[in-house]
Each structure stands twice: as C-alpha cells, then as structure tokens.
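A.B. asks: Sharing a sequence plus its predicted fold:
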Amino acid sequence: MTIKAIQIDKNGGPEVMELRDIELPAPKPGEITVRHTAIGINFIDTYHRSGLYPVKLPSGLGMEAAGTVEALGEGVTGLKLGDRVAYGSGPIGAYAEANNVAASRAVKIPDVVSDEAAAAMMLKGMTAQFLLRQTYVVKPGDTILWHAAAGGVGLIATQWAKHLGATVIGTVGSEEKAAIARAHGCDHVLNYRTEDVPARVREITGGKMLPTVYDGVGKDTFVMSLDCLRPRGLLASFGNASGPVTDVNLGILAAKGSLYVTRPTMFHYTATDADFQTVAKDLFDVVATGHVKIEIGQRYKLADAAQAHKDLESRKTTGATVLVP
C-alpha cells in the first residue's frame with residue numbers, strides 16, 4: 001500500500017528530511033502492519049539523520065510509534081486486527097503513516113495508557129528501565145544524579161527513581177527547565193550552566209558523593225560527571241546530546257577514584273524477545289499504576305518532522321515530543 005513517510009537520501013541537517021509517498025509491502029511471516037496514530041521522536045533519530053550512527057541510505061527515520069494492528073503476517077499469534085500496540089526498537093521507519101514490525105517486538109497498550117503516551121515512552125521509558133533497574137540497580141536510600149532532567153528520558157527516569165526510593169539530583173540548563181524537573185521527582189535541581197555541579201553534589205551529600213551518575217549529554221558533562229562520583233562509582237554515559245565523548249585517557253578513572261564507566265545501549269539490554277518484553281512490561285506497569293506520568297511537551301505534524309529535529313537539537317523542547325500522522 002502507498003503511505004506517506006519521511007525519507008533521507010544523504011546524511012546532514014534537518015533539511016535532508018523529505019516527506020514522500022512510498023510503498024509499504026505486506027507484512028512478512030512473524031510481522032504485523034501498524035497503522036500509526038502517534039510517533040515518538042528521540043535523539044537517536046538525529047544521530048541516524050546526521051550520520052553519527054550510520055544507516056544504509058536511502059532510509060526512513062524513527063524507532064518508535066503506537067497505533068492499531070492493520071495486517072497480520074503468517075504465523076502471528078497473540079495479536080489480532082484492531083489491537084492497540086506500540087513498539088520501540090525499530091525497524092527504522094517509524095516516521096510514517098504505517099510500518100511493518102516484528103510481532104514479538106510489539107506490546108499491547110493498556111486501556112489506561114493513551115496512544116500518544118505509548119508512542120512517546122517506548123524508547124525513552126525502556127532506556128530509563130535498563131539504566132535504573134539493570135545498569136545500576138537503584139535502591140531505597142541511594143542518591144543519584146541525572147543530567148538533562150527535563151528532557152524526554154529525564155522526566156521519566158527521575159519520577160521512576162523517586163518511586164524506587166532514591167534522592168534525585170537533576171541538572172538542567174535553564175530556570176524554566178528547573179521548575180519542570182522539580183515537578184517530576186527531583187529533590188535537588190542544579191543549573192549546570194551557572195553552578196559548580198560537583199561542589200553542590202558534595203554539599204548535598206555531605207561529602208559522600210554519588211554511587212552513580214546518568215549522563216545522556218556527553219562531551220559537555222563527562223568530566224563533571226566523573227567529579228560527582230564517589231570512589232568506585234559508576235558513570236552510565238548513554239547519550240551524545242552535546243557531542244560524543246572522545247580521546248579519553250583511562251588514567252583519569254584511576255586519578256578520580258578507581259571509577260567505572262559504561263556506555264550502555266538498549267539494543268544489548270533487549271537483545272532477545274524475552275528481554276524486550278520484560279523491559280516493556282516493567283515500563284508499562286509503572287506507568288499504568290501512575291507512579292510515572294508521561295507528558296507530551298510538543299506535537300508536530302508528520303510533515304513538520306524537520307522542525308521537530310531543529311527544536312530538539314537546539315534544546316528548545318521539554319519532555320516528550322510526538323509526530324501526529
């Protein structure tokens with residue numbers, strides 16, 4: 001069938017994105033066709049577009065969406081036509097009116113969760129899950145730091161960490177974002193542009209510093225993050241919003257306290273279908289029970305995806321952003 005989709009023929013800025021008519025084939029065995037009602041936008045989409053994370057060109061964009069099952073491939077069980085589902089691990093091509101995805105990588109949406117929330121939370125929420133529940137297991141009484149606390153992943157993760165019993169320190173870049181972070185579980189909010197973050201962490205913790213720091217910003221905050229850790233603490237560096245961290249002398253980890261650094265990705269934490277479903281179930285459970293609320297900060301038409309990327313990369317957005325087909 002013919003659908004409208006965002007496509008790129010070359011890597012570059014948002015201007016390389018074009019809305020086109022493409023042919024979507026019938027689903028293969030084990031696949032379903034999802035007619036999208038809402039599409040999530042994530043920083044990884046900008047990496048695919050720019051070439052930071054290479055993709056085979058020409059290519060679509062987007063990893064997550066929600067909608068209804070419109071067609072079933074051979075052998076699909078457990079789903080039926082008309083079911084509300086969401087997916088968050090690709091295949092790339094969610095910036096479209098519909099997409100074919102593996103049935104084993106789709107999740108039924110609970111009645112209490114909207115399509116927009118489901119589309120906006122899959123990649124970001126599953127990222128929060130593996131970071132908080134697996135990369136470093138947050139326990140009651142822990143004090144943690146989350147950079148970009150008013151961002152899409154941050155707003156989910158800080159609420160979740162608070163629900164797990166942690167004291168949450170969030171960093172932001174403006175007073176407007178500070179207010180948002182405070183309203184979503186942060187006990188302390190620091191402006192990394194104007195405050196000495198490690199010094200404030202030392203003050204907040206009484207000099208004990210932190211067992212872990214979650215850093216999706218990258219280049220601009222890497223050393224700052226290390227300086228917030230206690231000896232043998234763990235830095236989970238999971239994003240590159242300010243650019244990738246490069247040319248690191250590992251001696252810095254020894255000098256700052258025999259520190260650990262990991263660069264986790266959702267791909268490795270959801271490598272099997274069982275892993276994927278477990279992570280997704282944990283996410284939907286914490287949202288369905290109301291402990292984590294998914295708030296849509298921005299909505300754009302599918303045709304305006306380039307503007308959405310511009311706003312995301314200039315850090316003008318807060319919370320989750322969705323495209324509406």
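C.D. replies: Sure thing, it's come through.

A.B. asks: can you give me the helices for the stretch 101-250 of the chain?
C.D. replies: Using DSSP state H, counting those that start in this stretch, the helices found in the stretch 101-250 of the chain span residues 115-130, 152-163, 175-182, 197-204, 222-226.

A.B. asks: quick one: buried residues of the third one?
C.D. replies: What it means is helix 175-182. By 16 or more other Cβ atoms under 10 Å, the buried positions in helix 175-182 come out as 177-178, 180-182. Yep, even glycine has a C-beta here, placed from its N, CA and C like the rest.

A.B. asks: still on that earlier bit, take the helices of the stretch 101-250 of the chain and write them to JSON lines, including mean pLDDT.
C.D. replies: Formatted as JSON lines, those follow (pLDDT from 0 to 100):
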{"stretch": "helix 115-130", "mean pLDDT": "95"}
{"stretch": "helix 152-163", "mean pLDDT": "95"}
{"stretch": "helix 175-182", "mean pLDDT": "93"}
{"stretch": "helix 197-204", "mean pLDDT": "98"}
{"stretch": "helix 222-226", "mean pLDDT": "97"}
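
A.B. asks: For the ones you listed, give me a markdown table that also has distance to Lys56.
C.D. replies: A markdown table is the format used below for the helices of the stretch 101-250 of the chain (distance: least, Cβ to Cβ, whole Å):
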| stretch | distance to Lys56 |
| --- | --- |
| helix 115-130 | 20 |
| helix 152-163 | 26 |
| helix 175-182 | 36 |
| helix 197-204 | 40 |
| helix 222-226 | 30 |
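
A.B. asks: So which of the ones you listed is nearest Ala274?
C.D. replies: helix 115-130 (14.0 Å; Cβ to Cβ).

A.B. asks: quick revisit: tell me which of the helices of the stretch 101-250 of the chain lies nearest to Gly67.
C.D. replies: helix 115-130 (6.8 Å).

A.B. asks: That closest one vs helix 152-163, what angle?
C.D. replies: Helix 115-130 runs at 60 degrees relative to helix 152-163, counting by axes from the mean of the first three to the mean of the last three Cα atoms, to 10 degrees.

A.B. asks: List the residues that contact the closest residue to Gly90 other than its chain neighbours.
C.D. replies: Closest residue to Gly90 apart from its sequence neighbours, by Cβ to Cβ, 6 or more residues apart in numbering: Met63 at 4.9 Å. For Met63, the contact set (Cβ atoms under 8 Å, 6 or more residues apart in numbering) comprises 40, 42, 44-45, 88-90, 92, 94, 123.

A.B. asks: just curious, which of the residues you listed is nearest to Gln307?
C.D. replies: Proximity of the contacts of Met63 to Gln307 (Cβ to Cβ) peaks at Asp45, which lies at 13.5 Å.

A.B. asks: what's the helix or strand containing the closest one packed up against?
C.D. replies: Taking DSSP states H and E as the definition, Asp45 sits inside helix 43-50. Contact analysis of helix 43-50 by 3 or more Cβ pairs under 8 Å, 6 or more residues apart in numbering; DSSP states H and E lists helix 305-313 as its packing neighbours.

A.B. asks: Check which helices and strands the next helix or strand after the helix it packs on is in contact with.
C.D. replies: Next in sequence after helix 305-313, counting helices and strands by DSSP H and E, comes strand 320-324. On a contact count with 3+ Cβ pairs under 8 Å, 6+ apart, strand 320-324 meets strand 31-40, helix 115-130, helix 152-163, strand 296-301, helix 305-313.

A.B. asks: Run the angle between the third one and strand 31-40 for me.
C.D. replies: Read it as helix 152-163. Using the same axes, to 10 degrees: helix 152-163 against strand 31-40 is 90 degrees.

A.B. asks: Could you count how many residues lie near Gly13?
C.D. replies: Gly13 sits with 13 neighbouring residues when counted by other Cβ atoms under 10 Å.

A.B. asks: what residues are up against the residue nearest to it when sequence neighbours are not counted?
C.D. replies: Closest residue in space to Gly13, ignoring its immediate chain neighbours: Ser50 at 7.4 Å, by Cβ to Cβ, 6+ apart. Ser50 is in contact with 11-13, counting by Cβ under 8 Å, 6+ apart.
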